[in-house]
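After the sequence you'll find the predicted model.
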Amino acid sequence: MDSLKKAFDGLETGLTRFLEDSRPDWVIQDFASHWVSPIAARLGISRAFFCIMNAWFLAFLGPTNAIISGSDDRIKPEDFMVPPKWVKFETKVAYRRFEADWIVGSSQNEDSGFSDFYRVGKVMFEAEVILPRHCYEFEPDWLTVVEELHHKPIIPLGLMPPEVQEDEDPDEIWAPIRNWLDSQNKGSVVYVALGSEVMPSQHQLTELVHGLELSGVPFFLVQRKPSRCIESDSMKLPDGFEERVTGQGIVWKSWVPQLKILSHESVGGFLTHCGWSSIVEGLTFGHPLITLPFFVDHGLTSRIIVEKQLGIEIPRDEQDGSFTRNSVVNSIKLVMLEDDGKKFKERAKEVSAIFGNTELHGRYIDNFVEFLENHKYVNKDI
Ligand SMILES: C[C@@H]1O[C@H](OP(=O)(O)OP(=O)(O)OC[C@H]2O[C@@H](n3ccc(=O)[nH]c3=O)[C@H](O)[C@@H]2O)[C@H](O)[C@H](O)[C@H]1O
């Protein structure tokens, strides 16, 4: 990933020329391009930070001056295993020990010469407005924390629930998936996918798939290598696994039309890494969640899911995050089969009225456009 950021930094000259020539009213950017804002400010162009993630992750990062200067007094993993001191309400949202190394590492400089913390801190500090993919209706408290941290407009863009595009995928991909789903009972299938970036260890994959098999629950497993992985990266399925689960489950080894699968009536639950887009999609269709977080904001989002009774976390070893096939079996059976799991389905259905409310989230976008049109440029000496 660092080489991608280094390549991205190489765009500075070209983008400067583009901005000088085109003079847009706004530059709306993600976290990596820490060098854009000074160029935009010099040219009288307003700056916005679009955060694809949610408010609790932004709130956890803290005040930008501390992020940029590295003066944040949180330096050990244990410092991130409790809610930040600027969160004044009762919550269990914090990293667990096996997740905390990632956020400690994010403050270390990479080969590009910059840390992710520095990048996101600079972009947020120099932005005139921060735009999280978030909405008050689902979770208002953490948005208030972000507003109090940054003393600048925080304009939630809503959850931007994607809409299923029927003709989006080639039929040779969607037809066999649809046919298998059509052959399953309504709400019986657990969809299992870990996003586009997670690479489980060989042991994690082995325990996960044995757990799927032993649960006896029909499953659709997406087992694809993230693009950053090299051929030798091992993701081997247990010997004979695919033969043994014929009739119970499908293992798909390339990109899938996730949104279409989640929208199919045979899917009744989602085992997810807690990538924010996947959570938005899973809850848009009212699926109870079985969470298996890995890094970045996954763990915090998983805590929110549990706090709101939208699903359960697969029990993990606190130190190394390992888990067993039996913990996978028990989690899947609880959510998919047992009476105790019905509350998760009911809560997920309730929340889908928010996540899937395109009119509500359309109003957030309208509000954002109105802000862009009416906002006067703020020249800050950067
Ligand atoms: C920086 C990090 O980016 C991460 O992206 P990641 O791809 O892991 O997960 P998602 O947000 O679910 O995004 C994955 C997206 O890819 C789609 N998809 C994925 C696999 C596939 O086979 N087919 C698909 O259609 C899926 O529907 C979703 O929209 C997370 O955001 C995390 O919150 C953030 O911190």
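Perfect, thanks for sending it.

Nearest residue to the closest residue to the ligand within the chain in space, ignoring adjacent ones along the chain?
Nearest residue of the chain to the ligand: residue 275, at 2.2 Å (CB to the nearest ligand atom). (Glycine included, C-beta is placed from N, CA and C.) Distance criterion CB to CB, 6 or more residues apart in numbering; nearest residue to residue 275, sequence neighbours excluded, is residue 195 at 3.9 Å.

show me where the stretch 201-350 of the chain has helices.
With helices called from DSSP state H, counting those that start in this stretch, the stretch 201-350 of the chain shows them at 202-215, 241-244, 258-263, 276-284, 298-307, 325-336, 342-355.

same deal with the stretch 51-200 of the chain?
Secondary structure of the stretch 51-200 of the chain (DSSP H, counting those that start in this stretch): helices at 55-61, 64-69, 97-105, 116-126, 141-150, 171-182.

Quick one: mean pLDDT for stretch 222-240?
Throughout stretch 222-240, pLDDT has a mean value of 80.

ok, now stretch 249-267?
96.

is it anywhere near the ligand?
Yes. Against the ligand, stretch 249-267 shows contacts by CB under 6 Å from any ligand atom at 255-256, 258-259.

so of the helices of the stretch 51-200 of the chain, which one's packed in deepest?
Comparing those by mean neighbour count (mean count of other CB atoms under 10 Å), helix 55-61 comes out on top with a mean of 24.

Now do that helix, average pLDDT.
On average, helix 55-61 scores 95.

Give me the distance from it to the chain's centre.
Its chain's C-alpha centre and that of helix 55-61 lie 13 Å apart, by CA atoms, centre = their mean, to the nearest Å.

ditto for stretch 70-85
For stretch 70-85, the separation from the chain centroid amounts to 21 Å (computed by CA atoms, centre = their mean).

what does the chain put close to the ligand?
So far as CB under 6 Å from any ligand atom goes, the chain lies against the ligand at 53, 193, 195-198, 222, 224, 255-256, 258-259, 275-278, 281, 296-297.

contact partners of the longest helix along the chain?
In the chain, with assignment by DSSP state H, the single longest helix is helix 358-374. With contacts defined as CB atoms under 8 Å, 6 or more residues apart in numbering, helix 358-374 is touched by 25-26, 48, 129, 131, 135, 137, 153, 155-161, 163, 354.

thinking again about what came up before, so among the residues of the chain next to the ligand, which ones count as buried?
Neighbour counting with 16 or more other CB atoms under 10 Å marks 53, 193, 195, 198, 222, 224, 256, 258-259, 275-278, 281, 296-297 as buried within the residues of the chain next to the ligand.
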